[in-house]
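Undergrad: what follows is a protein structure lacking sequence information:
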């Protein structure tokens, strides 16, 4: 009895410390964004809060914050869409078709994904320059799909492998083709896994920084992480209030998606690892 209480206390303490560790940077960001002065910690008795930083970020045309946010949403949504389609077809082929060397394909994809971005971005820049895609949406969508695809493929392979093959046989008896089985049987049954992959792909693309920094030039295609990082004041100073306000707004889509659909994410990630 005493051991169980001690264990529960330790778990609660660990959870509280973890929550504090995760939320402290976020709360600090909110405080800075609402403060009229970024050095408010040195003036604890003279704290003045206002929404002028948020108003400045949303209304200032020179910051192009709305353009950055629009670019991020479009690029992330397109990357997630293509990633799910390609990973879904690949997972179906690996789990349902008689392909030689299935595991070698999976491990090869995993090995390729281990190359760091910094080792590839130089060659990628030259390639995008040669085809005239620098500072376009395509310059980010295609690298993002390739970057996120290995994780998406492994998740969907694990998920599709748990779907009974009896469903395929029943669909064949009913006269379905391979494409119809994929579209009308496999995809609906694997909807939680596909949904979780879509959300993870969107979040990864939304938060990516390296490719967006190297392959974009201005607000026409630059995404919000790079746009916020390059905020500058009138005289070259760092506008911490605007940076924190922009970061707080940029976090909203990702937080809302995670909160609303967290059950689908957990189900999609865990069901593929459980037999039966």
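TA: Nice, I can see it. Worth saying up front: this structure is predicted, and the values here are computed from it rather than measured.

Undergrad: what sits up against stretch 214-231?
TA: Stretch 214-231 has contacts (CB atoms under 8 Å, 6 or more residues apart in numbering) with 63-65, 67-69, 71-72, 75, 121, 124-125, 128, 133-137, 139-140, 143, 206-209, 212-213, 238-239, 242-243, 246-247, 250. All C-beta atoms are positioned from the backbone trio N, CA, C, and that covers glycine.

Undergrad: how about the contacts made by residue 59?
TA: Per CB under 8 Å, 6+ apart, neighbours of residue 59: none.

Undergrad: residue 168 against residue 182, yeah?
TA: No. Taking contacts as CB atoms under 8 Å, residue 168 lies outside contact range of residue 182: 9.5 Å.

Undergrad: okay, those two: which has more neighbours?
TA: residue 182 (20 against 17; other CB atoms under 10 Å).

Undergrad: would you mind measuring from the more buried one to residue 34?
TA: Here residue 182 is placed at a distance of 50 Å from residue 34 (CB to CB, to the nearest Å).

Undergrad: buried stuff in stretch 190-207?
TA: 190, 192-207 (16 or more other CB atoms under 10 Å).

Undergrad: same question for stretch 61-68.
TA: Buried residues in stretch 61-68 (16+ other CB under 10 Å): 63, 64, 65, 66, 67, 68.

Undergrad: ok, now which ones touch the second one?
TA: Which is residue 64. Contacts of residue 64 (CB under 8 Å, 6+ apart): 219, 222, 227.

Undergrad: local confidence estimate at the second one?
TA: At residue 222, the predicted lDDT confidence score is 93.

Undergrad: and which of the contacts of residue 64 is nearest residue 7?
TA: If you rank these by distance to residue 7 using CB to CB, residue 227 comes first, at 47.0 Å.

Undergrad: assign that closest one to helix, strand or coil.
TA: Judged by DSSP: H, G, I helix; E, B strand; the rest coil, the three-state class of residue 227 is helix.

Undergrad: and it, how many residues sit next to it?
TA: Using other CB under 10 Å, residue 227 has 23 neighbouring residues.

Undergrad: so where is the stretch 1-150 of the chain shaky, pLDDT-wise?
TA: Within the stretch 1-150 of the chain, the ranges that satisfy pLDDT under 70 run 1, 37-47.

Undergrad: 90 instead, please
TA: The stretch 1-150 of the chain contains residues with pLDDT under 90 at 1-9, 22-23, 25-53, 56, 58-63, 90-122.

Undergrad: measure stretch 161-181 end to end?
TA: For stretch 161-181, the separation between the terminal residues is 15 Å (CA to CA, to the nearest Å).

Undergrad: can you check stretch 96-108 too?
TA: 19 Å.

Undergrad: which residues are contacting that stretch?
TA: Under CB under 8 Å, 6+ apart, the answer for stretch 96-108 is 93, 94, 153, 154, 157, 160, 165, 168, 186.

Undergrad: one more: stretch 124-138?
TA: Contact partners of stretch 124-138, identified using CB under 8 Å, 6+ apart, comprise 71, 74-75, 78, 139, 143, 211, 214-218, 220-221.

Undergrad: pull out the buried positions in stretch 80-99.
TA: Those buried within stretch 80-99 under the rule 16+ other CB under 10 Å are 80, 82-84, 86-88, 90-96.

Undergrad: looking at those residues, which are in helices?
TA: Among the buried residues of stretch 80-99, the ones falling in helices (DSSP state H) are 80, 82-84, 86-88, 90-96.

Undergrad: measure residue 109 to residue 101 for me?
TA: 12 Å.

Undergrad: neighbour count: those two, which is higher?
TA: Taking neighbours as other CB under 10 Å, residue 109 and residue 101 compare with residue 109 leading, 18 against 9.

Undergrad: what's near enough to touch that one?
TA: By CB under 8 Å, 6+ apart, the neighbours of residue 109 are 149, 150, 153, 154.

Undergrad: how about a cut-off of 6 Å?
TA: Applying CB atoms under 6 Å, 6 or more residues apart in numbering, we find residue 109 in contact with 150, 153.

Undergrad: in what helix or strand does it lie?
TA: Assigned by DSSP states H and E, residue 109 falls within helix 102-113.

Undergrad: please tell me how far that helix is from the chain's geometric centre.
TA: Helix 102-113 sits 22 Å away from the centroid of its parent chain (CA atoms, centre = their mean, to the nearest Å).
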